[in-house]
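**Student:** One predicted model, sequence on top.
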Amino acid sequence: MFHLTRYRYVFFAISGLIIVPGLLALIFWHLNLGIDFTNGTSVDLVFQRNNITTQQVASVFSKAGAQDVNVYASTNLNSKYKSSQFVFLQFSRPIGTDFTGKISAQLSDPKYKLPASTLITPDYTLAVNGKEIGQLVYRFESPVTVDAVKAALATLPQTDAPPDAGATGEPGTASPTAAASATTAPTATAAPTATGTATAAPATSGQAFPVSVGSVTLGGNDLVYQVNTQTDLVNTPEAAGKSVQLPKVLGELQAQFGPVYVQDKQSVGPAVATETTNSAVLAVIVASLAILAYIGIAFRKVGSGWQSVRFGASAVIALLHDALVVLGLWAIFGRLFNFKVDTLFLTAVLTVIGFSVHDTIVVFDRIRENLSRRTAESFDSVVNTSLIQTMSRSLNTSLTVLIVLAAETLFGGASIREFVLALLIGIASGTYSSIFNASMILSVWENREYRTWFRRGPPAKAQPARSRSLAGTRS
């Protein structure tokens, strides 16, 4: 039988060669934290046109002053709807909330025989190529044609002035009042039409302005472009400061790539980021303590209480090894490839910890069984036998998972690739540590070899499993 335990220090050295560079990277380079742990903004954009690259979108945000921009393209979350069910309406001037309600009513008029529609987002004012326009995006319950929509909008009411606050492309938010709204115009005669899609209060000037349809286009892009930046994207000039005005960026995107709207926007402030960081550290500490307590209770029959704690501590050391491998490599990857540490990465690390402990417990459970059966053998021999008996199961289980994760890493979407890669690295490390580290640490501890690490002298003589178990009360 091959004696794995004889080479325990070789296995420790291999782990050291992997962990030490990562630790140095953590110390000198640190982790490249994402907006979840610092602060910034995440925006989901949907374009009308196709064939727009993430690099093109990132370039527009960077030129506007956004820092550390990362863009991922993924399938639209509204996958049950075809892109041809989305209609982008652009108007010749900024529009108001009353006008938006009247347009919704016209599209719902039975005489035009259009499918039921939902207003996705109103952009009351967008500055595109130096001209201010208005935009509405509707989703129809079934595909429509441009001609059918144009027929419903053949006659338009006059528009009221746009709301006073800044547009973000999100439902219910307002936009800066266009300069054109101050132009003298006839007093509006149409009564305000109620609408449930916009909540901003209309301007109180009572003015109305002639408006025409600029363009009607069907959606042609099924992708959502998620833009993450560590710069605050604000909606009004007054709030800008060191931030970037999102309406200006949207206007530039419109000028270069055609109609676009904001599907979702999320901002993370410094206070929330600090809370997230503290929660992440606390989660790892609590998980480690819970695992230590669980294994200590589950393995209480291996001998003394101190021995059961050794089993738990060895498992925790192994899982911390796996966490350090992933964290260290991510510090390196963050420096070389701009990999971010976000909540998905934290999820991957916690998953790796759970997988590592699961694999370790399988080996430890077999050691516990063999300790009671092979009482005349040394502890090293029992550990070695247990490893050989469980290795095929551990490797088969892990390889099945690793093959799937490798496929996801190579062929999966860019938005989850870093998450899957962290799982791939962590589970591979967990498989190694469960077999070649956790049990070896337990063997070193049981034989008290640490007493000879820093002084000369022969190592402690291995005792039979039974006598070792009885000697477990001595540290």
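**Tutor:** Alright, I've got the coordinates.
**Student:** hey, let's count contacts and neighbours off CA atoms from now on
**Tutor:** Fine.
**Student:** in the chain, which residue is closest to the centre?
**Tutor:** In the chain, the residue lying closest to the centroid (C-alpha atoms, centre = their mean) is Leu344, at 4.1 Å.
**Student:** Dig out what Leu218 forms beta bridges with.
**Tutor:** On the basis of DSSP bridges, Leu218 is bridged to Val87.
**Student:** need the contact list for the closest residue to the residue nearest to the centre of the chain other than its chain neighbours.
**Tutor:** Closest residue in space to Leu344, ignoring its immediate chain neighbours: Phe419 at 6.0 Å, by C-alpha to C-alpha, 6 or more residues apart in numbering. Under the criterion of C-alpha atoms under 8 Å, 6 or more residues apart in numbering, the neighbours of Phe419 are Leu344, Phe345, Ala348.
**Student:** next one: Leu250
**Tutor:** Leu126, Val260, Tyr261.
**Student:** From those, which land in strands?
**Tutor:** Among the contacts of Leu250, DSSP state E puts Leu126, Val260, Tyr261 in strands.
**Student:** Among those, which one is most surrounded by other residues?
**Tutor:** Sorting the ones in strands among the contacts of Leu250 by how many neighbours each has (other C-alpha atoms under 10 Å) puts Leu126 first, at 30 neighbours.
**Student:** Look up how far Leu136 lies from it.
**Tutor:** 11 Å (C-alpha to C-alpha, to the nearest Å).
**Student:** ok, back up a step: give me the element the residue nearest to the centre of the chain is part of.
**Tutor:** Leu344 is located in helix 343-373, with elements delineated by DSSP states H and E.
**Student:** Which of the residues in that helix are classified as buried?
**Tutor:** 343-346, 348-350, 352-368, 370-371 (16 or more other C-alpha atoms under 10 Å).
**Student:** likewise stretch 128-135?
**Tutor:** Buried, per 16+ other C-alpha under 10 Å, within stretch 128-135: Val128, Glu132, Ile133, Gly134, Gln135.
**Student:** Residues in contact with it: which ones?
**Tutor:** Stretch 128-135 is contacted by residues 88-95, 122-127, 178, 251-252, 254-255 when judged by C-alpha under 8 Å, 6+ apart.
**Student:** Restricted to helices, list these.
**Tutor:** Gly251, Glu252, Gln254, Ala255 (DSSP state H).
**Student:** Can you show me the strands along the stretch 1-150 of the chain?
**Tutor:** Listed in chain order, the strands of the stretch 1-150 of the chain (DSSP state E, counting those that start in this stretch) span 40-47, 70-75, 86-91, 117-128, 131-140.
**Student:** So Lys82 sits against Leu218, correct?
**Tutor:** No. At 10.3 Å, Lys82 does not count as touching Leu218 under the criterion of C-alpha atoms under 8 Å.
**Student:** So which of the two has more stuff around it?
**Tutor:** Ranked by neighbour count (other C-alpha under 10 Å), Lys82 and Leu218 place Leu218 first, with 22 against 18.
**Student:** do you know how far that one is from Val262?
**Tutor:** 16 Å.
**Student:** got the residue ranges for the strands in the stretch 301-450 of the chain?
**Tutor:** Under DSSP E, counting those that start in this stretch, the stretch 301-450 of the chain gives no strands.
**Student:** now it, which segments are flagged as low pLDDT?
**Tutor:** 303-304 (pLDDT under 70).
**Student:** mind running it again at 80?
**Tutor:** 301-307, 413-415, 450 (pLDDT under 80).
**Student:** mind listing the helices for it?
**Tutor:** 305-337, 343-373, 379-411, 414-433, 439-447 (DSSP state H, counting those that start in this stretch).
**Student:** Those helices into JSON lines, with extra columns for distance to Asp222?
**Tutor:** Compiled in JSON lines, those are given as follows (distance: least, C-alpha to C-alpha, whole Å):
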{"stretch": "helix 305-337", "distance to Asp222": "28"}
{"stretch": "helix 343-373", "distance to Asp222": "24"}
{"stretch": "helix 379-411", "distance to Asp222": "19"}
{"stretch": "helix 414-433", "distance to Asp222": "15"}
{"stretch": "helix 439-447", "distance to Asp222": "51"}
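**Student:** how about these, which one is nearest Ala293?
**Tutor:** Evaluated over the helices of the stretch 301-450 of the chain, closeness to Ala293 peaks at helix 305-337, with 7.2 Å, by C-alpha to C-alpha.
**Student:** Just the angle for that closest one relative to helix 439-447, thanks.
**Tutor:** 140 degrees (axes from the mean of the first three to the mean of the last three C-alpha atoms, to 10 degrees).
**Student:** Show me how far helix 305-337 is from its chain's centre.
**Tutor:** Offset of helix 305-337 from its chain centre (C-alpha atoms, centre = their mean, to the nearest Å): 22 Å.
**Student:** Mind giving me the packing neighbours of it?
**Tutor:** helix 8-28, helix 270-298, helix 343-373, helix 414-433, helix 439-447 (3 or more C-alpha pairs under 8 Å, 6 or more residues apart in numbering; DSSP states H and E).
**Student:** The first one: which residues count as buried?
**Tutor:** Spelled out, it's helix 8-28. For helix 8-28, using 16+ other C-alpha under 10 Å, the buried residues are Arg8, Phe11, Ser15, Ile18, Ile19, Pro21, Gly22, Leu23, Ala25, Leu26.
**Student:** of these, closest to Thr100?
**Tutor:** Leu26 (53.0 Å).
**Student:** residues contacting that closest one?
**Tutor:** Leu327, Gly328, Ala331, Ile332.
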